[in-house]
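1. Quick one, what's the 3D model for this:
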Amino acid sequence: MKSIRSLVFRLTSAAVLLLGLPTLALACPTCKDGLSENYVSAYAFSIVFMMSVPYLLLAGFFAYIVVSYLRKPLAERKELSTEDLARLAAEKADQGIPTQPPAWD
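-> You can find the predicted model right below:
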């Protein structure tokens, strides 16, 4: 019951912020500045925004990978010995999972 209240509160808060404060959202610079004399700056801002979003998404994805790797304890991040690798390869082979890349002739 508490989690449902929390979810409803978060959704209501987000709706109030998005609907109540549209000028702070700056969602569409063309709509905001397009009605005034600033056509060029409105389009320039939207182009910069569209060009930066893919890089920000990639940076966020790689940051997630690095943080999730660093959160593991150091003992779990150690390198595997030769025996451990051989055992792991044998387990994968028993399951039918290829452990070597295909050989291209």
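
2. need the helices for this structure, in chain order.
-> In the chain, helices defined by DSSP state H lie at 2-20, 22-25, 29-33, 39-70, 82-94, listed in chain order.

3. and the end-to-end length of stretch 66-82?
-> 26 Å (Cα to Cα, to the nearest Å).

4. residues in contact with that stretch?
-> Stretch 66-82 is contacted by residues residue 88 when judged by Cβ atoms under 8 Å, 6 or more residues apart in numbering. (C-beta placed from N, C-alpha, C; glycine too.)

5. hmm, back to that, deepest of the helices of the chain, which one?
-> helix 29-33 (a mean of 16; mean count of other Cβ atoms under 10 Å).

6. Return, as residue ranges, the portions of the chain with sub-threshold pLDDT.
-> 1-2, 18, 20-38, 74-78, 99, 101-105 (pLDDT under 70).

7. rerun at 80
-> 1-5, 16-46, 69, 72-81, 85, 97-105 (pLDDT under 80).

8. hmm, back to that, which one of the helices of the chain lies closest to residue 100?
-> Nearest to residue 100 among these is helix 82-94 (8.4 Å), distances taken as Cβ to Cβ.

9. With distance to residue 100 added, can I get the helices of the chain in CSV?
-> Formatted as CSV, these follow (distance: least, Cβ to Cβ, whole Å):
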stretch, distance to residue 100
helix 2-20, 47
helix 22-25, 52
helix 29-33, 52
helix 39-70, 25
helix 82-94, 8
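
10. How much space separates residue 48 from residue 85?
-> 48 Å (Cβ to Cβ, to the nearest Å).

11. next one: residue 39
-> For residue 39 relative to residue 85 (Cβ to Cβ), the value is 62 Å.

12. Next: residue 59.
-> 32 Å.

13. same deal with residue 15?
-> On the measure of Cβ to Cβ, residue 15 and residue 85 end up 53 Å apart.

14. Please apply the same query to residue 43.
-> 55 Å.

15. again, but for residue 68
-> For residue 68, the distance to residue 85 - Cβ to Cβ - is 23 Å.

16. Then residue 40?
-> 60 Å.

17. likewise residue 100?
-> 12 Å.

18. list the contacts for residue 17?
-> Contacts of residue 17 (Cβ under 8 Å, 6+ apart): none.
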